[in-house]
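> give me a 3D structure for the following:
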Amino acid sequence: MANTPGQTNAAPAMTDSVSESSQLYGKPASQTGSLDTIKVDGNKSLTLAAEKLVLNDPTAKKANRTCGFAGFGASAASATHIIPLYNVLWAEQTNETLVIDYAKQVTKNRVQAAKWTFGINGADGPDVQAWVDTLLTKAYGPAKRCKRAKVLVNPHAGPGGAEKKWRVDCEPLFKAARMPMDVELTTFSGQALEKARDVDIDAFDTIVTCSGDGLAHEVFNGLAQRPDAVRALRKIAVSHIPCGSGNAMSINLYGSYRPSIAALALIKGVETPMDLISITQGDRRTLSFLSQALGIVAESDLGTEHLRWMGGARFTWGYLVRIFEKKCYPCDLAVKVEIEDKPGVREHYRQYTHKASSTTAETPRAENADAVPNEDAERQGLPPLKYGTINDDLPEGWELIPQDKMGNFYCGNMAFMAPDAHFFSAALPNDGLMDLVCINGDMSVSAQMNLLLGVESGKLFDNSLVSYRKISAYRIIPRNQKDGYISIDGEKVPFEPFQAEIHHGLGRVISKRGQYEGPGPAGWEKGRIEA
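Next up is the predicted model:
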């Protein structure tokens with residue numbers, strides 16, 4: 001039976017009776033004095049095994065249960081219960097009691113806060129405390145414990161229900177992990193921007209957005225409007241609880257669009273540098289963290305706002321009703337290309353991933369990446385634009401090329417745009433490059449359908465009809481259309497020319513493992529890694 005959030009139980013399916021006083025309470029169980037195992041509640045034991053916490057009760061002859069992720073079965077005679085260390089949220093010794101808070105896997109897509117409570121001998125407290133310290137060190141690894149969170153909840157996000165998702169699925173987990181929180185509900189569009197602009201960045205480790213991707217867009221731009229924008233963007237991490245339609249940020253950073261699963265990944269996650277993109281349009285400069293689109297993707301997204309009740313399915317519906325039009329979106333395009341062909345993109349992904357997984361290698365960096373600013377520069381506004389704005393002359397070496405058959409211009413900074421929308425297989429969080437996908441609009445309906453299937457299966461990258469490049473900047477000028485849709489991070493902006501350039505590692509996010517949770521382009525791991 002599932003525990004209610006925060007429920008306390010003296011280990012599931014176990015007797016409440018305490019054994020004779022001759023039993024060791026809280027003492028290391030091994031003869032060598034190892035802190036891997038301690039005795040609790042008489043002759044029950046808690047053992048720190050590889051990646052899991054094992055509770056054994058030799059007096060309870062009941063079928064075992066797994067209290068974390070499934071797959072760690074034990075025999076019926078051993079009365080063994082297992083929690084993956086990843087699911088351990090907190091542990092503490094108070095007087096003669098040991099309490100372990102953890103995330104209990106109640107379904108495949110949901111965890112909830114639960115608790116084990118054991119009796120220990122207070123005289124043996126130091127040994128238990130050392131064991132608790134070891135448990136927390138192993139459970140959290142490089143992740144910061146007790147992250148201080150500014151939580152912003154948009155109750156009107158996506159299909160609705162964000163406040164309930166936060167209160168029921170996520171807040172109990174944060175509390176169990178001893179995370180200090182300041183929670184606010186947003187009441188109007190743009191409020192998250194104001195909150196981020198005015199937040200005390202020294203008081204919090206992360207700003208948690210409970211919404212779709214739009215609230216994260218507001219937070220990044222609120223931080224960007226501060227007089228100390230660079231310092232703020234590098235100081236406080238932006239994180240995401242998925243409550244919207246697309247939920248791309250959560251899918252990429254945590255590998256899930258389920259609120260409680262994302263919350264657990266956030267609790268156990270690590271601060272990760274992420275590239276951000278400056279967009280200049282008219283006299284405005286904004287930041288983009290996710291994507292920029294003109295063409296069928298922008299129309300399928302922004303043109304289906306009235307169908308938010310459909311959740312993520314509205315994007316697929318919007319695409320399907322438009323492919324029969326074979327519509328093109330003429331434009332003039334100038335691009336600063338860094339990697340031109342797909343084999344080069346795949347090799348770049350391979351080299352970056354290999355270096356990022358090395359404990360000794362530095363994070364890969366693009367040749368055109370911004371220099372890390374000094375302390376004085378960090379207290380100023382956004383970094384200067386290397387290529388100027390949309391209102392300046394075309395940068396030297398750039399050439400505007402007419403694109404009369406453009407069907408989809410899509411530039412991404414993350415791999416997934418929705419759970420079933422794997423557009424940018426080679427996207428990386430901080431390689432100093434954007435991924436650009438261009439597709440003609442005059443192809444057959446069957447070809448368009450194959451593209452859609454490729455997006456859902458992750459095979460779009462290898463489709464011969466798709467242009468996939470790594471770039472650092474671009475300028476795009478729509479033509480022959482009075483009005484239309486341009487999407488920046490899923491938000492509608494004026495239908496007019498704009499220019500973009502990337503800033504290497506300018507932002508900070510909380511990710512599950514310091515990388516995106518995507519599989520990468522097919523076959524990337526088969527190449528040779530240079531020493």
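> quick one, what contacts the most centrally placed residue in the chain?
The chain has L253 as the residue nearest its centroid, 2.0 Å off, counting by C-alpha atoms, centre = their mean. By C-beta atoms under 8 Å, 6 or more residues apart in numbering, L253 lies in contact with 239-240, 265, 269, 272, 509-512, 516-517. (Glycine included, C-beta is placed from N, CA and C.)
> make it 6 Å
The contact partners of L253, taken as C-beta atoms under 6 Å, 6 or more residues apart in numbering, are 509, 511.
> how about V270?
Neighbours of V270 in contact, by C-beta under 6 Å, 6+ apart: 142-143, 514.
> which element, helix or strand, includes D435?
In the assignment (DSSP states H and E), D435 maps to strand 434-440.
> and what of V455?
Here V455, judged by DSSP H and E, is contained in helix 445-457.
> for that helix, buried residues please.
In terms of neighbour count (16 or more other C-beta atoms under 10 Å), helix 445-457 has its buried residues at 448, 450-452, 454-455.
> any chance you could map the helices in this structure?
Assigned by DSSP state H, the helices in the chain fall at 125-140, 162-164, 171-176, 191-198, 213-224, 229-235, 248-254, 259-268, 296-302, 313-323, 342-357, 375-378, 445-457.
> next, format the ones you listed as JSON lines and append mean pLDDT and distance to D404.
Output for the helices of the chain, formatted as JSON lines (pLDDT from 0 to 100; distance: least, C-beta to C-beta, whole Å):
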{"stretch": "helix 125-140", "mean pLDDT": "89", "distance to D404": "55"}
{"stretch": "helix 162-164", "mean pLDDT": "94", "distance to D404": "42"}
{"stretch": "helix 171-176", "mean pLDDT": "99", "distance to D404": "52"}
{"stretch": "helix 191-198", "mean pLDDT": "98", "distance to D404": "37"}
{"stretch": "helix 213-224", "mean pLDDT": "98", "distance to D404": "31"}
{"stretch": "helix 229-235", "mean pLDDT": "98", "distance to D404": "38"}
{"stretch": "helix 248-254", "mean pLDDT": "98", "distance to D404": "30"}
{"stretch": "helix 259-268", "mean pLDDT": "99", "distance to D404": "42"}
{"stretch": "helix 296-302", "mean pLDDT": "89", "distance to D404": "16"}
{"stretch": "helix 313-323", "mean pLDDT": "79", "distance to D404": "19"}
{"stretch": "helix 342-357", "mean pLDDT": "92", "distance to D404": "24"}
{"stretch": "helix 375-378", "mean pLDDT": "58", "distance to D404": "43"}
{"stretch": "helix 445-457", "mean pLDDT": "91", "distance to D404": "18"}
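> now for those helices, which one comes closest to L394?
Closest approach to L394 among the helices of the chain (C-beta to C-beta): helix 296-302, 23.6 Å.
> and that closest one, what other elements does it pack with?
Packing contacts for helix 296-302, counted by 3 or more C-beta pairs under 6 Å, 6 or more residues apart in numbering; DSSP states H and E, involve helix 313-323, strand 406-412, strand 486-488.
> hmm, H81 is touching N56, no?
No. Between H81 and N56 there is no contact, the gap being 8.0 Å when judged by C-beta atoms under 6 Å.
> higher neighbour count, these two?
Taking other C-beta atoms under 10 Å, H81 and N56 do not tie; H81 has more neighbours (26 against 19).
> run through the bridge partners of the more buried one.
Beta-bridge partners recorded for H81 (DSSP bridges): L55, R65.
> and stretch 236-248, how far out from the chain middle?
7 Å (C-alpha atoms, centre = their mean, to the nearest Å).
> other residues contacting it?
Contact with stretch 236-248 is made by 157-158, 162, 165, 170, 201, 204, 206-213, 216, 219, 249-250, 257, 259, 262, 266, 271, 290, 311-312, 414, 416-418, 508-510, as judged by C-beta under 6 Å, 6+ apart.
> elements contacting the biggest strand by length in the chain?
Looking across the chain with DSSP state E, the single longest strand is strand 498-511. On a contact count with 3+ C-beta pairs under 6 Å, 6+ apart, strand 498-511 meets strand 237-242, strand 270-281, strand 467-478.
> and if we set it to 8 Å?
Counting contacts by 3 or more C-beta pairs under 8 Å, 6 or more residues apart in numbering; DSSP states H and E, strand 498-511 packs against helix 229-235, strand 237-242, helix 248-254, strand 270-281, strand 467-478.
> can I get the ones you listed in CSV with distance to G190?
Shown next, in CSV, are those (distance: least, C-beta to C-beta, whole Å):
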stretch, distance to G190
helix 229-235, 18
strand 237-242, 16
helix 248-254, 19
strand 270-281, 17
strand 467-478, 26
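> can you tell me which residues contact the nearest residue to A192 once chain neighbours are set aside?
Using C-beta to C-beta, 6 or more residues apart in numbering and skipping residues adjacent in sequence, the residue nearest A192 is E218, 3.9 Å away. When contacts are counted by C-beta under 8 Å, 6+ apart, E218 touches 190-193, 196.
> what's the answer for N463, then?
Applying C-beta under 8 Å, 6+ apart to N463 gives the contacts 450-451, 454.
> what distance do you get for it to N450?
Distance, N463 to N450, by C-beta to C-beta, to the nearest Å: 7 Å.
> same deal with D489?
Here D489 is placed at a distance of 27 Å from N450 (C-beta to C-beta).
> near the closest residue in space to V88 that isn't next to it in sequence, how many other residues are there?
Nearest non-adjacent residue to V88, counting by C-beta to C-beta, 6+ apart: A139, 4.0 Å away. By the measure other C-beta under 10 Å, the count of residues near A139 is 24.
> repeat for the one 5 residues further on
Counted with other C-beta under 10 Å, residues neighbouring K144 total 16.
> my read: it touches E271, true?
Yes. With contact defined as C-beta atoms under 8 Å, K144 reaches E271; the gap is 7.1 Å.
> quickly list what's touching both of the two.
The contact sets of K144 and E271 overlap at D205 (C-beta under 8 Å, 6+ apart).
> now the terminal residues of stretch 201-209, how far apart.
End-to-end distance of stretch 201-209 (C-alpha to C-alpha, to the nearest Å): 15 Å.
> show me what the mean pLDDT comes to for that stretch.
On average, the pLDDT along stretch 201-209 is 99.
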